[in-house]
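Asks: here is my input, please return the structure:
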Amino acid sequence: MKMLRLLFTTRCVCLLVSLLPVVTEAVPASVAQGSQVLAVKRNQTIGVVTITPTTLTIGLIAKAEATATSELPVSFSSSTPAICATSGMNGSFVSAIATGTCTVVANQAGNANYNAAPQKTNNVTIGKVDQAIGTITFEPITLNVAGTSIVVANSTANLPVSFSSTTPAICTIGGPDGDTVTGVSVGNCIVAATQPGNNTYSAAPRKTKTISITKLPQTVGTISFSPTTLAVGRPNIVSATATSGLPVTFTSGTPNICAVNGGTVTNISVGACMIIAIQSGNTQ
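Replies: This is a model prediction of the structure:
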């Protein structure tokens, strides 16, 4: 081994330098110091945390993925357990529990060669589940003024559906369960069905259906005379009742035999007298 030497004399000091070649070497992961070995861990990082699908609704499950530069497995957890939960291998399955912002945390704890990676997070928004209202039906399917019909509809969320009339002058909705349609007047009755949703389901789009309100049918009962027999020149009182309770009018179908004036029939000549009873109805 070459050495540096200093020579001292009484008259001068001389410096003799012997130059050695410079050798540059990489520092190994472990360095021997006497009898001790010091291990130096490497750093690592976690890449982008992805959640697929990128939007979630309550009840659905997404997949969380991320890669560490060390290629060691990344584990996932939820920092918002009231909103979402993780499960499965390394917690990579994200389950939506309630509406809000779900924060997924990615960790890599390291090993003998790598330090723990800095924690990485990603957020996904949890929304409500959509619902729809099915077909609206009426029982019975025909409705008269003052008559009633039961309206029925279900939602895909199995939540109760409410009904209202958008034509209150034509029909109304009532009854203990709010599902009884009552005809008010002749026309087209429009019934609207709604479901406002809850913590899990969004409000359903409103749905409507029309049912026609028609007039009540009626009949005229038996026509009677007082006295019960007719004679030429003698007046008789004619009467009849309609099932509607509305007044009945009369006319003669044989004017050469008998004449009618209001409720009085007068025979003109011998023969068969035909009396016609009429009830022309009203707005109902």
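Asks: C-alpha from now on. contacts and neighbour counts both.
Replies: Noted.
Asks: what segments of the stretch 101-250 of the chain are strands?
Replies: 120-127, 137-139, 143-144, 148-152, 162-165, 171-174, 180-183, 187-194, 207-214, 224-226, 235-239, 249-252 (DSSP state E, counting those that start in this stretch).
Asks: pick the most deeply packed of the ones you listed.
Replies: strand 180-183 (a mean of 24; mean count of other Cα atoms under 10 Å).
Asks: of all the strands of the stretch 101-250 of the chain, which one is nearest residue 262?
Replies: Closest approach to residue 262 among the strands of the stretch 101-250 of the chain (Cα to Cα): strand 249-252, 6.8 Å.
Asks: got the contact list for the closest residue to residue 196 other than its chain neighbours?
Replies: Of all residues not flanking residue 196 in the chain, residue 203 sits nearest, at 4.2 Å (Cα to Cα, 6 or more residues apart in numbering). If a contact means Cα atoms under 8 Å, 6 or more residues apart in numbering, then residue 203 has 130, 131, 194, 195, 196, 197 as its contacts.
Asks: for those residues, pick the one with the most neighbours.
Replies: Among the contacts of residue 203, the one with the most neighbours (other Cα atoms under 10 Å) is residue 195, at 24 neighbours.
Asks: how far is stretch 123-130 from where the chain is centred?
Replies: The chain centroid and the centroid of stretch 123-130 are separated by 13 Å under Cα atoms, centre = their mean, to the nearest Å.
Asks: one step back: with distance to residue 73 and mean pLDDT as added columns, please give the strands of the stretch 101-250 of the chain in a markdown table.
Replies: Shown next, in a markdown table, are the strands of the stretch 101-250 of the chain (distance: least, Cα to Cα, whole Å; pLDDT from 0 to 100):
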| stretch | distance to residue 73 | mean pLDDT |
| --- | --- | --- |
| strand 120-127 | 14 | 97 |
| strand 137-139 | 57 | 98 |
| strand 143-144 | 69 | 96 |
| strand 148-152 | 55 | 98 |
| strand 162-165 | 52 | 98 |
| strand 171-174 | 62 | 98 |
| strand 180-183 | 62 | 98 |
| strand 187-194 | 49 | 98 |
| strand 207-214 | 51 | 97 |
| strand 224-226 | 101 | 92 |
| strand 235-239 | 99 | 93 |
| strand 249-252 | 96 | 94 |
